[in-house]
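Novice: Quick one: sequence plus predicted model below, questions after.
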There are 2 protein chains.
Amino acid sequence: MPVESSAPVRRDPKSIDAAIRALTAKFGNRVVTSMAVREQHGNTVTWIKNQPPDAVVFPQSAEEIQDIVRICAEHRVPVIPFGTGTSLEGHVNAPLGGVSIDVRDMNKVLAVHAEDLDCVIEPGITRKALNEYLRDQGVFFPIDPGADASLGGMAATRCSGTNAVRYGTMKDNVLSLKVVTASGELMTTARRAKKSSAGYDLTRLFVGSEGTLGVITELTLKLAGIPEAISGGICPFPSVEACCNAAILTIQSGIPIARIELLDPMQVRAVNLYSKLSLRETPMLFLEFHGTEAGVAEQSERFGEIAQELGGGPFEWTTRPEERTRLWEARHNAAFATVTLRPGASLIATDVCVPLSRLADCVTETQRDIEASKLIAPIVGHIGDGNFHLTILVDRSSPAEVANAEAFGERLVERALAMDGTCTGEHGVGQGKMKYLLHEHGAPALEAMRSIKRALDPQDIMNPGKIVALS
Amino acid sequence: MPVESSAPVRRDPKSIDAAIRALTAKFGNRVVTSMAVREQHGNTVTWIKNQPPDAVVFPQSAEEIQDIVRICAEHRVPVIPFGTGTSLEGHVNAPLGGVSIDVRDMNKVLAVHAEDLDCVIEPGITRKALNEYLRDQGVFFPIDPGADASLGGMAATRCSGTNAVRYGTMKDNVLSLKVVTASGELMTTARRAKKSSAGYDLTRLFVGSEGTLGVITELTLKLAGIPEAISGGICPFPSVEACCNAAILTIQSGIPIARIELLDPMQVRAVNLYSKLSLRETPMLFLEFHGTEAGVAEQSERFGEIAQELGGGPFEWTTRPEERTRLWEARHNAAFATVTLRPGASLIATDVCVPLSRLADCVTETQRDIEASKLIAPIVGHIGDGNFHLTILVDRSSPAEVANAEAFGERLVERALAMDGTCTGEHGVGQGKMKYLLHEHGAPALEAMRSIKRALDPQDIMNPGKIVALS
């Protein structure tokens, strides 16, 4: 069974040209072939270089996406769905060439069903735009990956983020999808009912499939009521282990915590530099509780007691919005702050996820590895889920540095896998993590994934060269 | 595209005999061919008659299940996984003949990870046995379908039950599965990490696949902390619509309700007869709240206010266990009570699920249909999810009655589908609901399901004749 495929081979240039001609005849100047636009659509922040598509098309409807896919299928030309290009593992690169389908113009809210706590949207709308739209209806979409990503892209990568510990990931918040298949048909994965046992779970098969099985053209999403009250705060701890134990005890005792974020001392230092703060450079938890006024006060007080038992604290918290923002400033600015640790360096972002009981070990060993490898790589963790991120600051012009960082990344994944974890908690596979799938899943599961890919995309035109590359 | 398959044809009797001889050589008296045992394993409570397998095997390990599947694959003989036989849509019938794999002896808890709130179990353990085992560790498995089903069967049918409104369904509570594939390989669908973006979601593809893609041999399940406090109570309402509006307002206002169950007046009458109670024969909600002492009191009071606004009440509630049991007695006895409405009749159970905003319409129209059809069919609803059940009481010896009930069942499903609902919220497809899948999902989605089935089970030996029957 060929598990590691050889380097991808570009599809026939004549076929690609023929497809672009057919697309141009249909879509006119909504087909763009300028190198600047193509390179922007081959965006990647991993080790892999930019691999631009041959053309970018800007459809305005599901029917137009069907047309694009049919034209590309006829010529066996790859199609690569594109939302905002904020994915991190080379998901939108075009290693075999092909056509990028940019859904930025499909950004409408089609329906909001407040009584059902759901909404129907096009794939190009971003999460901030959606929440702006929903705000006066008392509901919101809770998944927050940090970047203002498109909802189509968020579903495709099965993303999550800071409040997954309470609200789940994209897999838990997509009720149904419309998807253009590899043969250009429009498929609906499920009805709008909140649950169903009527056959295979196509919705969750497409969530996280990264465009390799079809192109998402519409999403029905679960919504949550905007909480009556929110309390937020920060709490220093003597060690990463104490932070993780606080998360374990909080969850075990049934406190429905909304966010519990770890910043390691290096990340706290970065934020101090960036935001001119003077936080103690020690492992720090940032917390948020959602509920009624009385409920969030009770939750916050209980967390304070847990922190104190573990030698942490004081836990400073508030329900006043401006005060919460001030306390959370360090977390909100973490991504921007990182660059202050090494101005001019490139950022390489990676993530792993392990069972919560192993998180302290995994983070602590990783910190030792960072030190031994002489890397600058602050850690931020969504620790309620056992998920943490590293932002590695490297000089991309130095092959030795890049190799050092890459080797570190491999050790990180091996460490997570050895602890029954996963090579990616929320960034996805893309191109960057393909090489780990055999170790993570084993040959029978990987072969099952390949069988599904072959069954649903026999010509291998849907975002080929990602997840389980066939060619 | 052939969507409706013709009547299933039994596999070659010589091949079946050869497989049973090979199985007997290996498993001795753990292969049983007596008609009593075979019929018990072809259990069904739908319109379809009992279709017993040709033999029943009782394996004790995943390796033994691999052996069974390999022997059956060699002879192209169907294998039908069997847990407790409590499924409702003919899931365990053997329309093509074949071998039932009864996992009753694989009923061990393999590990409990209290810090991670998960456990690893064999598929034959029942939910009550599991919760008995877990009780002194302060955790429980929250999915409660009523019957004391096996966890393997619960995963296979994607079941849910009374507290899905808070804790989700099986799809939300299975972290990982081990599965024997159609070629006899042992596959692991995911690591034990709480979330992952590492490839296609095989776990959720197998949850709800009803044994048609593989045999579940091990499950890693999410657990919940036993709540510090539980309050429960009952609340009468003037109409089904008021009940549904109470559910909508409760969920919209963020009350994390654990159970919200509707009994219609016919079901209340049944319970009054059975349990010698004198409840008002009006639509009635049974509720449960989980949380801290202060939290459940706050939730219960808020619900009481919502009920009053809608003309319901009084809401009688308590946190004392024996009092809760007394108040909930009518709900607990609903299934047994139903038979008192027509002693000697057979029960046919069915379920549908619609968006919450359409539930009142769907239930009310269904009640009118029951009356017009002169059926006895009380309704119980998990109304937080928009899901409701009917138990139709029929005299199976009367073809006219059975036809009347069957026609009613078809109208019920069409009604739910017209409201963007599903033909089954939690019972599954089995044989009974196959005919609705084309209408519910449309041709492209149904063809995708068939492609997946063909890809993972090319010989069509895994529980054939169910969901998307190929032969």
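Specialist: Done, it's in.
Novice: Select the longest helix from chain A.
Specialist: helix A:399-418 (DSSP state H).
Novice: Name the next helix or strand downstream of that one, please.
Specialist: Per DSSP states H and E, helix A:399-418 leads on to helix A:437-441 as the next helix or strand towards the C-terminus.
Novice: Could you see whether chain B lies near that following helix?
Specialist: Yes - for helix A:437-441 and chain B, the contact criterion (CB under 8 Å from any CB of the partner chain) is met by A:L437, A:E440, A:H441. The way it works is simple: take the backbone N, C-alpha and C, and place the C-beta from them, glycine included.
Novice: OK, contacts around the second one?
Specialist: Going back to what we said before, that points to A:E440. For A:E440, the contacting residues are A:L417, A:T422, A:C423, B:R191, B:A198, by CB atoms under 8 Å, 6 or more residues apart in numbering or on different chains.
Novice: out of those, which one sits closest to A:P321?
Specialist: A:T422 (35.3 Å; CB to CB).
Novice: pretty sure that closest one is touching A:C353, no?
Specialist: Yes - when contacts are counted by CB atoms under 8 Å, A:T422 is listed as touching A:C353 (5.1 Å).
Novice: does chain B sit close to stretch A:410-421?
Specialist: Yes - residues of stretch A:410-421 are located near chain B by CB under 8 Å from any CB, namely A:A416, A:L417, A:D420, A:G421.
Novice: Can you spell out which helices and strands pack onto the longest helix of chain A?
Specialist: Applying 3 or more CB pairs under 8 Å, 6 or more residues apart in numbering or on different chains; DSSP states H and E, one finds that helix A:399-418 makes contact with strand A:346-353, helix A:356-372, strand A:387-394, helix A:437-441.
Novice: Can you tell me the closest non-neighbouring residue to the spatially most central residue of chain A?
Specialist: Central residue of chain A (CA atoms, centre = their mean): A:C159, 3.5 Å from the mean position. Closest residue to A:C159 apart from its sequence neighbours, by CB to CB, 6 or more residues apart in numbering or on different chains: A:P145 at 4.5 Å.
Novice: Can you name the residues that contact the one you found?
Specialist: A:R127, A:M154, A:C159, A:S160, A:G161, A:E426.
Novice: Just send the residues you listed back as TSV, with pLDDT and secondary structure too.
Specialist: TSV is the format used below for those (pLDDT from 0 to 100; DSSP: H, G, I helix; E, B strand; the rest coil):
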residue	pLDDT	secondary structure
A:R127	97	helix
A:M154	98	helix
A:C159	96	coil
A:S160	96	coil
A:G161	92	coil
A:E426	97	coil
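Novice: that older thread, now for A:T422 and A:C353: what residues contact both?
Specialist: A:A416, B:A193, B:K195, B:S196.
Novice: can you tell me which residues contact the last one?
Specialist: With CB under 8 Å, 6+ apart as the criterion, the residues that contact B:S196 are A:R158, A:C353, A:T422, A:T424, A:G425, B:A190.
Novice: helix or strand for it, which one?
Specialist: Using DSSP H and E, B:S196 falls outside every helix and strand.
Novice: For A:T169, see how far away it is.
Specialist: Using CB to CB, to the nearest Å, we find B:S196 at a distance of 9 Å from A:T169.
Novice: do the same with A:L277
Specialist: A:L277 is 31 Å from A:T169, by CB to CB.
Novice: These two: which is more packed in?
Specialist: Using other CB atoms under 10 Å in any protein chain shown as the criterion, A:L277 and A:T169 rank with A:T169 on top: 25 against 14.
Novice: what residues are up against that one?
Specialist: Contacts of A:T169 (CB under 8 Å, 6+ apart): A:I143, A:R158, A:C159, A:S160, A:E426, B:K195.
Novice: Not counting sequence-adjacent ones, nearest residue to whichever residue of the stretch 201-350 of chain A sits closest to chain B?
Specialist: Residue nearest to chain B within the stretch 201-350 of chain A (CB to the nearest CB): A:R204, separated by 3.9 Å. Take A:R204 and drop its neighbours on the chain: the residue closest to it by CB to CB, 6+ apart is B:R204, 3.9 Å away.
Novice: list the helices and strands the strand or helix carrying that neighbour packs on?
Specialist: In the assignment (DSSP H and E), B:R204 maps to helix B:202-206. If contacts are counted by 3+ CB pairs under 8 Å, 6+ apart, helix B:202-206 sits against helix A:202-206, helix A:443-456, strand B:174-180.
Novice: Let me have those in JSON lines, extended by mean neighbour count, mean pLDDT and distance to B:G295.
Specialist: What follows is these, written out as JSON lines (neighbours: other CB atoms under 10 Å in any protein chain shown; pLDDT from 0 to 100; distance: least, CB to CB, whole Å):
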{"stretch": "helix A:202-206", "mean neighbour count": "26", "mean pLDDT": "98", "distance to B:G295": "31"}
{"stretch": "helix A:443-456", "mean neighbour count": "21", "mean pLDDT": "98", "distance to B:G295": "41"}
{"stretch": "strand B:174-180", "mean neighbour count": "25", "mean pLDDT": "98", "distance to B:G295": "27"}
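Novice: Of these, which is nearest B:A22?
Specialist: strand B:174-180 (16.7 Å).
Novice: Skip ahead from that closest one and say which helix or strand is next.
Specialist: strand B:186-188.
Novice: strands paired with that following strand, and their directions?
Specialist: strand B:174-180 (antiparallel) (DSSP bridges).
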